[in-house]
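Engineer: I'd like to go over a predicted model; first the sequence, then the structure.
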Amino acid sequence: MRAVQVERTGGPEVLTVVDVPPPVPGPGEVLVDVVAAGVNYIDTYRRSGVYPLDLPAVLGSEGAGRVAALGPGVEGIAPGQTVAWKEAPGSYAERVLVPAAEVVPVPDGVDARTAAAVLLQGLTAHYLATDTYPAGPGTWALVHAGAGGVGLLLTRILKLKGAHVLTTVSTPAKAELSRAAGAEEVVGYAEAAGRARELTGGRGVDVVYDGVGADTFEAGLTALRPRGLMALFGGSSGQVPPFDVQRLNALGSLFLTRPSLGAYTRTRAELLSRAGELFGWIAAGELDVRVGGTYPLAQARRAHEDLQGRRTTGKLLLLP
């Protein structure tokens, strides 16, 4: 089968399409024919060596497809069933082995491409808005990169919960997309802190959701109200340098957390509960999933270049 492999760490140029033997499911594993694989920033971290891999390795971790075969001991999943997953190494391929504990059944009313486009980023948006900072009516939230995959979904979920949303974007076209998702105010990155204060009568926003990192971290802290919370969930512009926690005191007893999806889906029950609510919103027409680009496996390099160059909006998919 064809797969996108990394033999050495580096830029997008290290991604190559190779022929590899198809995998065979072992105990507790499900073999899936991949319909679509999600392209995520974590893939660029693994490709570049920020998150080490044993090389050579097939990249990718998220996707959706149809069950081809079951390994010993797998129950409750049927061949031919459409399923999705957020963490299965080697998903940039025509077939992938998915741990049965990670398999999420895709309900009627949600197609495989949509499921692949929403699961990782949608689950991230879900835990951020419901648990990291439980938003509700009257909450003011600042969402950086409001036209990105997580940003669009997070904005919509916050609006479903009755919150007010200020987002940052880099272009007028992205501003239009962010407003369409429900953002009440959309500004450039440099304007975020000042506008956050203006919108809240000088008080500051309740929560900042920051997946950008190095370029936005400092401004995000100054946008918060006293005892507000910064949820730093990514670093698309680079990782935040070492930080003096005494600054949280000086800025008003702020809270700072670095959450991860793994910590918010530690049990299968929690994974299925979050995914079920996401898929329910999609089937009901309450949550739109924007696919910003689709690429064949042979164009995985271009997908990474577009993602890191901030030339995209919504979700990018590889289509084996």
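Structural biologist: Alright, I've got the coordinates.
Engineer: residues in contact with stretch 265-279?
Structural biologist: 84, 86, 101-102, 104, 106-107, 109-110, 115, 118-119, 122-123, 126-127, 264, 287 (CB atoms under 8 Å, 6 or more residues apart in numbering). The C-beta positions use only the backbone N, C-alpha and C, and glycine is treated the same way.
Engineer: If we use 10 Å, what do you get?
Structural biologist: 84-87, 100-110, 114-115, 118-119, 121-127, 130-131, 153, 157, 261, 264, 287, 289 (CB atoms under 10 Å, 6 or more residues apart in numbering).
Engineer: now, which of the residues you listed lie within helices?
Structural biologist: If you go by DSSP state H, these have 114-115, 118-119, 121-127, 153, 157, 261, 264 in helices.
Engineer: just the buried members of the residues you listed?
Structural biologist: 114-115, 118-119, 121-127, 153, 157, 261, 264 (16 or more other CB atoms under 10 Å).
Engineer: May I have stretch 263-274 exported as PDB, CA atoms only?
Structural biologist: Extracted C-alpha coordinates of stretch 263-274, given in PDB (Å, rounded to 0.1, in the frame of the first residue of the first chain):
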ATOM      1  CA  ALA A 263      -5.900  14.400  29.300                       C
ATOM      2  CA  TYR A 264      -9.500  15.200  28.400                       C
ATOM      3  CA  THR A 265     -10.200  11.900  26.800                       C
ATOM      4  CA  ARG A 266      -8.500   9.600  29.300                       C
ATOM      5  CA  THR A 267     -11.400   7.100  29.300                       C
ATOM      6  CA  ARG A 268     -13.300   5.600  26.400                       C
ATOM      7  CA  ALA A 269     -16.500   6.800  27.900                       C
ATOM      8  CA  GLU A 270     -15.300  10.400  27.900                       C
ATOM      9  CA  LEU A 271     -14.000  10.100  24.300                       C
ATOM     10  CA  LEU A 272     -17.400   8.700  23.100                       C
ATOM     11  CA  SER A 273     -19.300  11.300  25.100                       C
ATOM     12  CA  ARG A 274     -17.500  14.200  23.500                       C
END
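Engineer: any idea of the mean pLDDT in that stretch?
Structural biologist: Averaged across stretch 263-274, pLDDT comes to 96.
Engineer: Which parts of it count as buried, going by neighbours?
Structural biologist: Quick answer for stretch 263-274 (16+ other CB under 10 Å): Tyr264, Thr265, Leu271, Arg274.
Engineer: Max pairwise distance over the residues you listed: which two?
Structural biologist: Within these, two members stand farthest from each other by CB to CB: Tyr264 and Leu271, at 9.1 Å.
Engineer: between these two, what contacts are shared?
Structural biologist: In contact with both Tyr264 and Leu271: Leu123, using CB under 10 Å, 6+ apart.
Engineer: what sits against the residue nearest to the spatial centre of the chain?
Structural biologist: Nearest to the geometric centre of the chain sits Gln121, at 2.6 Å (CA atoms, centre = their mean). When the contact criterion is CB under 10 Å, 6+ apart, the partners of Gln121 are 38, 40-41, 62, 86, 148-154, 211, 261, 278, 289, 314-315.
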